[in-house]
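Trainee: Next one to model:
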Amino acid sequence: MKVTLPHLHELKLAGTPIVMVTAYDHPSGRLVDQAGVDMVLVGDSAANTVLGHDAVSTVGATMDELLILTRAVARGCEHALVIGDLPFMSYQVSDEDAVRNGGRFIKEAGADAVKLEGGGQSVQRAAALTAAGIPVVGHIGLTPQTATMLGGHKAQGRQWQHAKALYDSAVALEAAGCFAIVLECVPAPVAAAITRRLAIVTIGIGSGAATDGQVLVLHDLLDIRPDADFQPRFVKQFAHIGAAMREGVAAYATEVRSRAYPAPEHTYAIDPEQLSAFETAVAASAGGDNVLADW
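Mentor: Next up, the predicted model:
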């Protein structure tokens, strides 16, 4: 059964934690969907996780890149709600840009919803998107697209004025029509207060256990990129797939170089009579055109 917005609301009311994972391709989408997650975010963190842009910044991700990734993930998800992340400068300039690009995620990429970052002007953008019939997830606290203005990748809302501003932004985003809000690197008591205040779902990342759900990047929780330059303190590794991948490829390389692979069981046979006819044909062509030239 496909996860819907009313279903997420029911989970909040029941106090059942909501599971969100950030993934970027079709196999990952299928795997997390089969694992039973509720929501899959195709994040602009693809920039530094799978696309090879700047090691920390998400700004390099483009609309074209995220549409391709979102389309791939959506094809793999039968159950989970798929959310496309609006990249930097795809919604900041105008409501028209926000609606146009948000609509592309829904129509072209098969997303169920979109996400945008920040309060302030983003509240107006969220209202424009929801007015156009596009479900929206807000995102406050540490907003990676504007991390430079926030003084880097660090917790937000540690001063009471900043905490109150986050609280007010959350309330405003709910009023604008958002059905959920991501709270990133917000002090746990502040995130708890916001969660109690809102009727909509809160998803935490580095914001304590009192939010309605949690999100982690698949590559972080599975330790697929163990050599990453930056590892946030909120990341917990639930498996070490990166090491297993490296060991598996190294074993493959060793067997190829020693000719242990492919073994007979990995190859295809030919009927002896057919082989004999083939060898006769090759011998007959000796000195002429090589019959294998087109193979």
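Trainee: Need phi/psi at Gly213.
Mentor: phi -160, psi -180 (degrees, to the nearest 10).
Trainee: which residue packs closest to it, ignoring adjacent ones?
Mentor: Nearest residue to Gly213 in three dimensions, chain neighbours excluded: Ile18, at 2.9 Å (CB to CB, 6 or more residues apart in numbering). (Glycine included, C-beta is placed from N, CA and C.)
Trainee: cool, and His79?
Mentor: Nearest non-adjacent residue to His79, counting by CB to CB, 6+ apart: Asp33, 5.3 Å away.
Trainee: State the three-state secondary structure for that neighbour.
Mentor: helix (DSSP: H, G, I helix; E, B strand; the rest coil).
Trainee: how many neighbours does it have?
Mentor: Look at Asp33: counted by other CB atoms under 10 Å, it has 20 neighbours.
Trainee: Also Arg246?
Mentor: 12.
Trainee: what sits against it?
Mentor: Not one residue lies near Arg246 by CB atoms under 8 Å, 6 or more residues apart in numbering.
Trainee: Need the pLDDT of it.
Mentor: On pLDDT, Arg246 comes in at 94.
Trainee: quick one: whichever helix or strand it is part of to chain centroid distance?
Mentor: For Arg246, the element it lies in under DSSP states H and E is helix 241-257. For helix 241-257, the gap between its own C-alpha mean and the chain's C-alpha mean amounts to 26 Å (CA atoms, centre = their mean, to the nearest Å).
Trainee: Outside of stretch 186-198 itself, list whatever touches it.
Mentor: Residues contacting stretch 186-198 (CB under 8 Å, 6+ apart): 140-142, 155-158, 163, 166-167, 170-171, 174, 181, 183, 202, 204, 206-212.
Trainee: among those, which ones are buried?
Mentor: Among the contacts of stretch 186-198, those classed as buried by 16 or more other CB atoms under 10 Å are 140-142, 155-157, 163, 166-167, 170-171, 174, 181, 183, 202, 204, 206-208, 210-212.
Trainee: sorry, back to before: please name the residues that touch the residue nearest to Gly213.
Mentor: 8, 11-12, 38-39, 201, 203, 212-214.
Trainee: Mind putting those residues into a markdown table with pLDDT and secondary structure?
Mentor: Formatted as a markdown table, the contacts of Ile18 follow (pLDDT from 0 to 100; DSSP: H, G, I helix; E, B strand; the rest coil):
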| residue | pLDDT | secondary structure |
| --- | --- | --- |
| Leu8 | 98 | helix |
| Leu11 | 98 | helix |
| Lys12 | 98 | helix |
| Asp38 | 98 | coil |
| Met39 | 98 | strand |
| Val201 | 98 | strand |
| Ile203 | 98 | strand |
| Asp212 | 98 | coil |
| Gly213 | 98 | strand |
| Gln214 | 98 | strand |
